[in-house]
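>>> Test case, fold it:
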Amino acid sequence: MEVRMVSFPNVARIAAMGLAILERALELTVQYSRERHAFGKALIEFQNSAFMLAEVKTDAVASRAFLDTCTNLLLS
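Here you go, the predicted structure:
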């Protein structure tokens with residue numbers, strides 16, 4: 001079994017792509033939750049749905065801050 005070292009810039013690039021996918025998926029989910037209705041209300045109006053979306057948004061913002069910090073350290 002061969003083990004390869006991956007340079008940090010490649011890891012940062014992969015992390016940035018994953019974060020971009022997460023952010024786009026969140027945008028599409030919020031859009032869908034506003035359009036889709038159940039029991040006479042939009043899905044986003046249900047407390048549980050709003051909490052789950054807020055949690056994902058919080059994770060995305062924290063990940064963005066971490067990635068930005070790592071990138072700044074790499075470039076300085």
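
>>> low-confidence ranges in this protein?
1-6, 8 (pLDDT under 70).

>>> For it, which segments are assigned as strands?
37-38, 41-42 (DSSP state E).

>>> Among the ones you listed, show me which one is buried the most.
Stretch with highest mean neighbour count among those: strand 41-42 (a mean of 12; mean count of other CB atoms under 10 Å). To be clear about C-beta, it is placed using only N, CA and C from the backbone, and glycine gets the same treatment.

>>> In terms of secondary structure, what does that strand contact?
Counting contacts by 3 or more CB pairs under 8 Å, 6 or more residues apart in numbering; DSSP states H and E, strand 41-42 packs against helix 8-35.

>>> Quick check: buried residues in the helix it packs on?
Using 16 or more other CB atoms under 10 Å as the burial criterion, the residues of helix 8-35 that qualify are 16, 19, 22, 23, 29, 30, 33.

>>> Spell out which residues sit in contact with the first one, please.
Neighbour list for residue 16: residue 67 [criterion: CB atoms under 8 Å, 6 or more residues apart in numbering].
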